Each structure stands twice: as C-alpha cells, then as structure tokens.
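> I'd like to go over a predicted model; first the sequence, then the structure.
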Amino acid sequence: MRIPDISFYDNFIRNNNIKESKIAKYTKQIASGKKILAPSDNTIDTIKAQRLRRINQTIEAYNRNMDQVNTVLDVAEGALGNVVEAGMETRTHIIQVLNTGVMDAEDAEVLSDYFTSMRNYIIKQANISVGDTRIFGGVKSQSDPFDDIGYYQGEERETTVPVARGVELNTTFNGKEYLGTVKSGFWDGTGYKIGIVKALDDITKIIDDGDLTKLHAYFSETGFHSNTETIGTSGTLTINYGGSSFSVSYSNTDTLTDLVNNINSAATNPGVKAFIFVDKDGVYRLGLKGQDTSKKISISDSNPTGLIAKTGNVKAILDEFDESFNKISAYRSKIGTQINVIEDLKPQNEFLKTEFSNLISKFEDADYASTISELEKTKVAYQALLASFNQNKDLSLLNFLK
C-alpha cells in the first residue's frame, strides 16, 4: 500500500518556487546588469538612487545653462572689448585735436567723418545679438536697445539663469549700465545716451561749426528746446573757475539766452565765457569756456530743485568720454568674472555628476561575479532538490514489509 505525504509535496513545491524565483532573479540581474529589478528588492537603496538621479538631472540642467550663458558672455565680452578698443583709438585722436586746436577744412572733414563712423560702430556693437536676442536690452530683448542716436530704449531689469545652487549668471544685460550711458536730451524728457557717443557727437558738431576753441569748453548734461525757453525756476549759480568763483542769479522768467548774458556780464567774472551750444540732437545746452583751458570749471546751485537739478552739472567733453569709457571697461571686467565662474564651476559639476553616477551604480548595478556565483549555487541547490524529490516521491510502507 502506498501512503502519499501531503506535507512532503507542500514542502517540495514551496522550495521549488523559491529556487526558481532565485534563478529567475539572478538570470535577470545578469541580463540587465541591475541588482535592483523592482523597488521592493531594496527600498532604501532605491530611494537613495532616485535622489541621486534627481541631483544629476539638476546638474545636467545647470550644464546646459552654462553652455547657453557661456555663448552670451563671450559675445557680450567681445562686443564691449570692441567698444573699448574703438574708444582707446578714438581717444588718441581726441587728444590730438585738443592739443592742436587748429586744422584746415580738409583735416576737419576727415576727422568729422572718422568720429561719425566710430560712433556708429559703437552703437552697432551695443545692439549686438545672439540669435534674435539683443543681449544689452535687459528683459526687452527683441528690439534694438539703442536707437540711431545712441539713446537707451531697453529695460534695466536683466534675465539670469542658475548655473549652480545659489549662483545665477546673465543671459541679458542692462545696457544702460554696461554701455556707460550718461544723462542727455531735454531736461523735461531726460534720456540716457552712450557717453562715448555723446562726446563724439559733441566733438563732431564743434568741428562742423568751425569754432574749435569750444572743444575745451564745459557743457550741461541736458538742456532746453530753444534758447528762448524760460528756466522756470529761481536761484543763484556759483561758478568755480580754477581757484576763483563768482555768483550769478537767475529767475523763473529768465531764458537760456538771459542766463548766458548774465554770466558774461557779471562784474566779478574772472574770465569765463558762457554760450549756447546746440548739439547734434537739437538740444540747447549751456556752455562755459575759460580763457585758461588748464583751469577746471564747475557750478553749484543755491536751489536744490533749480537749474542744475534740471540740466545737470557741466562737464568737459573728454571727462564725459572718460567717464563712459571707464564704466564700459569695468563692466567688461565684470563679464570676464562671470566667464571665470563658469570655467570654475563646470569641472566641479562634471565631477559631482560622475561621483553621483558611481554611487547610483553602486546601489543599482549587479556585481557580475557575485551574481553568477549565487546563480550557480542556486542551480546546484535546485538540482539537489529535484533529485531528492525523485528519490522520495514513490516511497511506501509496503516497501519495508517482508
């Protein structure tokens, strides 16, 4: 009589399933190269790998931003570099003109054309773009940030992108600052014009007018629509000329012509000649010229909201040129610093990405030698299980009765 053992079969089925599952698992690990085939295989390592993978995705985004920013920074630095080089070359000719003070008509025409071409070149550089983005227009990057006269019409707010945690770099720039603009235009509609361009326009206008002595004069930053426009406020100007000074009063009904006459007729005037300068943009500005060109001229106003508040202080052409030039040079250096930031950060990002990838591999990837060894051991155990089952499945008590 044969006595079936249900417990024996249940135990075999259970162990058989375990061995088959392990063999399937190790086989899949070897085929896929992954030791974690499902999150439930190792929840902790799965979570760690997911976190590291998200960090790597962020680093990849940073690196893409760096590539974009690096192109913009290279173009911006190159454009400002071109402006600086043009400014250095142009300044040399300005000094020559200031020192000479006399030229024939032909030389004057050549210089006037030269200064005009240089100011046009500078404006073109200021409107440089990457693709269809004008990089010196701030957030308003779809149109030229500077008009044909050199006035800024972009936005002061810039756009930036992150290139590392807590680090953002420019993709557009505030051209009002980076191109060294200065106050210009009419006092009641003050704009900001590239200072180098403004200085070149003033020089060109003086050369074209023929009175080169005005090259050494000082001019108000902004001005009036005409010489008969009233000042509209009252106060007293103190004009400093070298170590001397004198005062001139003005009233709200005085015109720019009246102010010029009052300065020239002042009894204590030590040698300052006032005049009206109509610049290339059609603005009527106050001009002051000293008999001794080595003496500096400056003015102050007794009324804090008076004439100077409207038209600004007076500046020499070369001083205005240098103020703008130095500002452009400084912002060019600032862009260079941002380029250095990318050069420092990108290798760090690549190193971190590699290290995190190695950690992900440590958590997820199979150890082939160890996995193959486990597979072979499991196969041996499985074969032993099958052999044991085949030997014992037909046992019966009748086999022991004799």
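That came through, no problem.

> torsion angles phi and psi at the nearest residue to residue 84 once chain neighbours are set aside?
Nearest residue to residue 84, sequence neighbours excluded (Cβ to Cβ, 6 or more residues apart in numbering): residue 329, at 5.6 Å. C-beta here means a position set from N, CA and C on the backbone, and glycine is covered the same way. Main-chain torsions, residue 329, degrees, to the nearest 10: phi -60, psi -40.

> what's around residue 329, how many residues?
Neighbour count for residue 329, taken as other Cβ atoms under 10 Å: 17.

> repeat that for residue 276.
Counted with other Cβ under 10 Å, residue 276 comes out at 17.

> name the residues that touch the helix or strand that contains it?
Per DSSP states H and E: residue 276 is located in strand 272-278. If you take Cβ atoms under 8 Å, 6 or more residues apart in numbering as the criterion, strand 272-278 is touched by 202, 205, 214, 217, 219, 223, 227, 239, 241, 246, 256-257, 259-260, 263-264, 284-291, 297.

> now do the residue nearest to residue 84 against residue 322, distance only.
10 Å (Cβ to Cβ, to the nearest Å).

> also residue 233?
Look at residue 233 and residue 322: by Cβ to Cβ, they are 31 Å apart.

> quick revisit: and the strand holding residue 276, what's buried?
Judged by neighbour count using 16 or more other Cβ atoms under 10 Å, the buried positions of strand 272-278 are 272-277.

> and if you look at stretch 278-290?
Residues of stretch 278-290 classed as buried: 279-281, 283-290 (neighbour count, 16+ other Cβ under 10 Å).

> extract the CA atoms of it and return them as CSV.
Coordinates of each C-alpha in stretch 278-290 appear next as CSV, following Å, rounded to 0.1, in the frame of the first residue of the first chain:
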residue,chain,number,x,y,z
VAL,A,278,23.0,123.4,-29.9
ASP,A,279,24.1,119.8,-30.1
LYS,A,280,23.5,117.2,-32.9
ASP,A,281,20.3,116.1,-31.3
GLY,A,282,18.8,119.6,-31.4
VAL,A,283,19.2,120.3,-27.6
TYR,A,284,20.1,123.8,-26.4
ARG,A,285,22.7,123.3,-23.7
LEU,A,286,24.7,125.8,-21.6
GLY,A,287,28.3,126.0,-22.5
LEU,A,288,31.1,127.6,-20.4
LYS,A,289,34.6,128.2,-21.7
GLY,A,290,37.6,129.6,-19.7
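
> the residue nearest to residue 122 when sequence neighbours are not counted: how many residues sit nearby?
Spatial nearest neighbour of residue 122, excluding adjacent residues (Cβ to Cβ, 6+ apart): residue 83 at 5.4 Å. Neighbourhood size, residue 83 [other Cβ under 10 Å]: 29.

> ditto for residue 144
Residue 144 has 19 nearby residues by other Cβ under 10 Å.

> in terms of helices and strands, where is it?
Counting by DSSP H and E, residue 144 is found in no helix or strand.

> tell me how far residue 59 lies from residue 69.
15 Å.

> what's the answer for residue 289, then?
48 Å.

> now swap in residue 131 and tell me
Distance, residue 131 to residue 69, by Cβ to Cβ: 14 Å.

> and these two? Which one has more around it.
The neighbour count for residue 131 versus residue 69, taken as other Cβ under 10 Å, is higher for residue 69 (22 against 9).

> in terms of secondary structure, what does the helix or strand harbouring the more buried one contact?
Per DSSP H and E: residue 69 is located in helix 43-100. Secondary-structure packing of helix 43-100 (3 or more Cβ pairs under 8 Å, 6 or more residues apart in numbering; DSSP states H and E): helix 105-126, strand 129-130, strand 160-164, strand 167-170, helix 195-209, helix 317-364.

> what's the mean pLDDT across it?
Averaged over helix 43-100, pLDDT sits at 86.

> tell me the angle that helix makes with helix 105-126.
Computed with axes from the mean of the first three to the mean of the last three Cα atoms, to 10 degrees, the direction of helix 43-100 lies at 170 degrees from that of helix 105-126.

> and helix 43-100, how far from the chain's centre?
Averaging C-alpha positions (Cα atoms, centre = their mean, to the nearest Å) puts helix 43-100 7 Å from its chain's average.

> show me the domain layout of the chain.
23-207+321-391, 223-311 (automatic domain parsing).

> mean pLDDT lowest where, among those domains?
Of all these, mean pLDDT reaches its minimum on domain 23-207+321-391 (a mean of 82).

> which residues are in contact with the residue nearest to residue 122?
Residue 83 sits next to 122, 125-126, 179, 196, 328 when contact means Cβ under 8 Å, 6+ apart.

> correct me, but residue 342 touches residue 73?
Yes - assessed by Cβ atoms under 8 Å, residue 342 is found in contact with residue 73 at 7.3 Å.

> okay, these two: which has more neighbours?
For residue 342 versus residue 73, the count of surrounding residues by other Cβ under 10 Å is larger for residue 73: 24 against 20.

> helix, strand or coil for residue 285?
strand (DSSP: H, G, I helix; E, B strand; the rest coil).

> for the most centrally placed residue in the chain, what are its contacts?
Centrality entry for the chain: nearest residue to the mean C-alpha point is residue 170, 2.7 Å, by Cα atoms, centre = their mean. Neighbouring residues of residue 170 by Cβ under 8 Å, 6+ apart: 69, 72-73, 76, 158-160, 335, 338.

> I'd like the residues you listed written out as a markdown table, with distance to residue 136 added.
Shown next, in a markdown table, are the contacts of residue 170 (distance: Cβ to Cβ, whole Å):
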| residue | distance to residue 136 |
| --- | --- |
| 69 | 15 |
| 72 | 11 |
| 73 | 12 |
| 76 | 7 |
| 158 | 10 |
| 159 | 12 |
| 160 | 15 |
| 335 | 11 |
| 338 | 15 |
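
> now, which of those sits nearest residue 95?
Nearest to residue 95 out of the contacts of residue 170 is residue 335 (Cβ to Cβ; 27.7 Å).

> ok, the closest one touching residue 72?
No - assessed by Cβ under 8 Å, residue 335 is found out of contact with residue 72, at 9.3 Å.

> more neighbours, residue 233 and residue 322?
residue 322 (19 against 16).

> quick one: the nearest residue to the more buried one once chain neighbours are set aside and residue 232, what's the gap?
Nearest-residue entry for residue 322: residue 91, 7.8 Å, with adjacent residues in sequence omitted and distances by Cβ to Cβ, 6+ apart. Remark: distance between residue 91 and residue 232 (Cβ to Cβ) = 37 Å.
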